[in-house]
Every structure is written in structure tokens, then in C-alpha cells.
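> coords please:
(2 chains)
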Amino acid sequence: MSVDPATVKKVARLARIRVDDAELPALADEVNGILHFVEQLQSVDVTGVAPLTSVVHRSLPLRADVITDGGDPEKVLANAPDRLESFFTVPKVVE
Amino acid sequence: MSELIKGATGDWEMVIGLEVHAQVVSNAKLFSGAATAFGAPPNSQVSTVDAGFPGMLPVINGYCVEQAVRTGLGLKAKINLTSVFDRKNYFYADLPNGYQISQYKDPIVGEGRLLLDMPDGSTREIGITRLHLEQDAGKSLHDQHPNLTFVDLNRAGVALMEIVSEPDMRTAEEAALYITKLRTVLRYLGTCDGNMEEGSMRADVNVSVRRPGAPFGTRCEIKNVNSIRFVRAAIEYEARRQIDILEDGGEIRQETRLFDSVKGVTRSMRSKEDAHDYRYFPDPDLLPLVLDPEWVKTIEAGLPELPDEKKARLVAEYGIKPYDAWVLVAEREPADFFEAVARGRDPKLAASWIMGDYFAMLNRLGKSVADSPVSAESLGQLIDLISDNTISGRIAKEVFEAMVETGKAPATIVEEKGLRQVTDTGAIETAIDDVLARNQDKVAEYRSGKDKLFGFFVGQVMKATQGKANPAAVNDILKAKLQG
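Down below sits the predicted model:
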């Protein structure tokens, strides 16, 4: 598997990372280097092995349905770059 | 049931699939301990997990998992004992993490089904593809300020069940029935309150059109439709739009659209052009969710009687029509109310009173069964008075209105107002003789073939007896006397 500069550009846009067009070929090379390195894993025969989501062999711990948090708007708003009363505010995004 | 749409170049058929987002009934959110109640002051139900603070880790709410399993069982679906949480990546101001925790390849619930109750009393099965658990996003308010969007994260992280149907529906009406039925099932299960006004249930509607029997056409997805009426309107509009494009020789572009409920149109959502490129991957903060089959069995054993079973039982036990049974079981309270009234009485009479005068009264007063001024017991007593011929059905309506107004027992009202039916045939005969004597001309007309006048005579006799004469007795005696 390898990617071309156009794919790198698309992925960057999806990830909201600004990339100059001039940088794209070099970035594509770097990404391809990583992909090729990881590709070595393809040589392992995984026939009959279930896909692994986590290497930790235990089940997901469950929490009780009890309210233990929230109730402090000041705390969550404390680091907001911009706010008005108890709302976060951002430049208008209208559909 | 397949209704075709006439186009300029021939018939078209709609193909509809629905993705319903149903908010899980729970105290706390899916991955945090913040509250879920509707209508709280902005950002007052937000934990640092919901606000996407660095280093905060999600811990799943076991009750939300139970609710999803319960819903799956209610939809007769396969419960997947192992499921996985993934990150669905996109950027929006009300999604602090830049991703939504959802389930992609391995949802908690697999294939199931939902039965639609058609107006003709038949049922139609719609396939459920899957149900998965995911977080809701926060709420953006765009109309509070000329150049700012306000963000309230109270809803961020609340558990949602996304319930995906197969593209099995063929009319807007079926889509409406699907949502209605799904809402009923969820409310019976107590897993979602089904309150569409508060956003507890929202639908994404997939619509395409095709020539009858042809392969599926390209579909468009209409996002976030929040009422059954709008679902119907959005589908009707969208199908017509697609047909117009195709008949003009154009092509349908697969896209996400918004329904504008004011103008009644759908329009393209440009910002969602990359919407299907979510770059899902398993959330490294969460382990796979593994369920104990015994636990699933315990949940199954605790399921309430569901609408389909209740409907079947009402039909079998009380002999009422399937569609009437569906109307009664659409909510739990009216069904219980019906059973309380119908037990030991004429069930058809009970059904017709409940679905007629009783429901009309609730509608008029804006009340529900729970706070109705007429109890099951007193409506039952009223029906007893009809059945034992103490009053006629017509007088019963008058008694019912008095019951609503005064809260008195029906028997008391009948006595106080002197409404007891006259079944004494002698008294009825006298009244009839009197009416016939006063209307000799009409009697002659009737006898010469104008039998429509029969109603006139009945009316006169009822008037003379203040409506208290037994209608059946009046009919019989009148008929005999007119035939002379």
C-alpha cells in the first residue's frame, strides 16, 4: 500500500492540518516509509486468528448508573478561549 | 403494500431506510458520571470527560449497556456478546474530542425485526440491520448572536442507540408507521422516552427511487428529522425531487441533505461532503465489551409484555379487531385501561367507548389516561348501565359528559337527572300512538312508499320521551304500527 500527494492532502484536510502543496510530495514519501515498515506485518499468516482490538485480556469494566460528576459549569468553562455567560462560543458555524 | 408514484415517463417506487437515534433512558451519561436530564442550565451537566479535557478517560455506564441489550431483545434481534467501540472522526464545534465514540464493525446488537401495524389490520415486517451504542454530541445555538455560535455540552456524551433499518419501506406512510412502532416498543421497554420534541428520538432518512422491480437507485440521506410529520414531508419532497432529476435525464448524486421544515424542502449540506470519510478505528481507551450470556438471559426474563404480544392477546382474549387492538396498545396506559374496563364486560362496547368518546374527551382536555377525570371503574359502570338497558347508548353520551364535568358515578347521574330508560312498552306505545296521531299525513306518505320517513318518526318519539325510550323497543313497535 502506498499513498500519493493527493491522498496526503485529503487526509490532512480531514484532520484539519494545514499543509502547503510544496510539502506534499515529501510528506507522501514519509507516510509511505511508515506504511512500508508496517507492511512487514502482512507476511505473518493470521489465518484463523480473530482480529485483536486490545492486548489487555480483560473485559471492559462497567460503571454504575449514578450521577457523580458535572454541576460545575465554571470548571469546564475555565479554560475556554471564548465564552458568553455559561456557553462556549465559537465563530458562527451555520449550515 | 407498494404505492407507485406517477412520473411523466412512467411509474416510480420509493425505497426508504431509516437510522433512528434514540436517547437511552439513564441517570448518567454513557462514559461519564454527569447527569442526562433535559432542560438544565447550559454546561451544568458536563464532566471533563464530556468536554474532551486532555487525559480524561471514558468508563462505560453498565446500565446503558443493559438498556441497549434490552432494546435488542425487544426487537427480536441477535445480541452480540462481544462488541467493540470505535472512534468516528469529524470536526464540529459541539464535538470537543474531534471524534464520537461509536460502534462500527462490531455493534452490540445485530439483525432483528419490527412489525408495522397497517391500517387494514395486517402487519408488515421491516428488517432491523443493527443497533449500536454511541455518544451524542453537544448542542449548537446559531441564533443567539450575530457572529457567534453558542455551544452547550449538556447533551455531549449522553448515550444514544442508533437503530438502523433495512431499506424495506416503500412509502412515506410506512416510514411514519415504522417510527411510530419503534417509539412504542422503546417506550414499553423503558429504554427511550420517545420524546421527539426534546430530541430524544431523531431520524436520518435514506431515500432513493427506482422503476418498479429495478435495482436500488442512488440514495440521499436526510439528516436529523425530528418529527414523524417532517419524516413524511421530507420523504415526499425528496422522492419527487429525485424523480424530476431522473426524468430530465440527470443523475442522483449521493449526498447528505437537510430538511427545511419551514419551506418543506430538502437541500444539500455542503459541509458534509467528506461526511462519509470518518476514518473509524477502535478506541484505544476502551476494551472490547464482553457480555455474560447469563446476564443477557436475566434481562430477557425481565422484559415486559411487548406491544405485538399484547395486541395478539387482546385480539384473542377479547375478540376485538386487530387494528383497534393496535390503537389501544400503542401506549401502555390505554391498553391497561382497556383491560380494566373490558374485564367481565362486552369488550367491543368497551373498545368503542374508549376509542370514541373517551379518547376524544382526553384530546379535548389535553389530558392523558393517567390524569383522566374518568376512571376505568366509572367508565365500566357506565357500560354496565348500557348493557343492562338502564340507559340507551345515546343517553350514555350525556351521562359521560356529566361524569367528566362532575366526577360523579354514572348511576348517581342517571338517578339525579332521571335518565333511566323507558323500557315499559306500554309507555312507549302511548308515545308512538300520540306521534302517529299528530302526523297522519306523514303516516300516509310512509305507507305509500316514502320509507325514509321512518327516521322522522323515531326522532319524534325520542323527543316525546326526552330520549329515554329504549331505541330497540321504539323501532320494533313503530315498525309494527306503521305497517298497520
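
> which parts of chain A are helices?
Assigned helices in chain A, in chain order: A:5-14, A:24-39, A:73-77 (criterion: DSSP state H).

> what do you get for the stretch 101-250 of chain B?
If you assign secondary structure with DSSP state H, counting those that start in this stretch, the helices in the stretch 101-250 of chain B sit at B:172-189, B:228-247.

> show me what contacts the residue nearest the centre of chain B?
What sits nearest the mean C-alpha location of chain B, by CA atoms, centre = their mean, is B:Thr180, with 3.4 Å. Residues in contact with B:Thr180 (CB atoms under 8 Å, 6 or more residues apart in numbering or on different chains) are B:Ile228, B:Ala330. In this view, the C-beta of every residue, glycine as well, is placed from N, C-alpha and C.

> and it, how far from B:Phe53?
41 Å (CB to CB, to the nearest Å).

> list phi and psi for the closest residue to A:Ala15 other than its chain neighbours.
Counting by CB to CB, 6 or more residues apart in numbering or on different chains, B:Asn89 is the residue found nearest to A:Ala15 once chain neighbours are left out, at 7.9 Å. As for B:Asn89, its main-chain torsions (degrees, to the nearest 10) stand at phi -90, psi 120.

> please apply the same query to B:Thr82.
Its backbone dihedrals place B:Thr82 at phi -120, psi 130, with angles given as degrees, to the nearest 10.

> what is it paired to in the beta sheet?
B:Val290 (DSSP bridges).

> quick one: name the residues of chain A near chain B.
Contact residues, chain A versus chain B (CB under 8 Å from any CB of the partner chain): A:10, A:13-16, A:53-54, A:56, A:58-73, A:75-77, A:82, A:84-95.

> show me what contacts the residue located most distally from the centre of chain A?
If you look at how far each residue of chain A sits from its centre, by CA atoms, centre = their mean, the farthest one is A:Glu85, at 30.7 Å. Neighbouring residues of A:Glu85 by CB under 8 Å, 6+ apart: B:Pro42.

> where does it land on pLDDT?
Per-residue confidence at A:Glu85 stands at 92 (pLDDT).

> ok, A:Val55 next?
At A:Val55, the model reports a pLDDT of 78.

> now for it, how many residues are close by?
Neighbour count for A:Val55, taken as other CB atoms under 10 Å in any protein chain shown: 6.

> tell me how far A:Val31 lies from chain B.
A:Val31 is 14 Å from chain B, where distance means CB to the nearest CB, to the nearest Å.

> so that residue sits right up against A:Val8, yeah?
Yes. Under the criterion of CB atoms under 8 Å, A:Val31 lies in contact with A:Val8, with a separation of 6.2 Å.

> quick check: mean pLDDT of stretch B:338-347?
In this model, stretch B:338-347 carries a mean pLDDT of 92.

> how far off centre is it?
Going by CA atoms, centre = their mean, to the nearest Å, the spacing between the C-alpha centre of stretch B:338-347 and its chain's C-alpha centre is 24 Å.

> and it, what's buried?
Of the residues in stretch B:338-347, B:Phe338, B:Glu339, B:Val341, B:Ala342, B:Arg345, B:Asp346, B:Pro347 count as buried by neighbour count, 16 or more other CB atoms under 10 Å in any protein chain shown.

> ends of that stretch, how far apart?
Chord length of stretch B:338-347, first to last residue, is 8 Å (CA to CA, to the nearest Å).

> how about stretch B:80-95?
Using CA to CA, the end-to-end distance of stretch B:80-95 comes out at 28 Å.

> name the residues of it that are buried.
The neighbour-count criterion (16+ other CB under 10 Å) identifies B:Asn80, B:Ser83, B:Val84, B:Phe85, B:Asp86, B:Arg87, B:Lys88, B:Asn89, B:Tyr90, B:Ala93, B:Asp94, B:Leu95 as the buried residues of stretch B:80-95.

> in these, find the pair that's most separated.
Greatest spacing in the buried residues of stretch B:80-95, by CB to CB: B:Asn80 and B:Ala93 (33.4 Å).

> hang on, the earlier thing: list the contacts for the residue nearest to A:Ala15?
Applying CB under 8 Å, 6+ apart, the residues contacting B:Asn89 are A:Leu14, A:Ala15, B:Gly98, B:Tyr99, B:Tyr278, B:Arg279, B:Tyr280.
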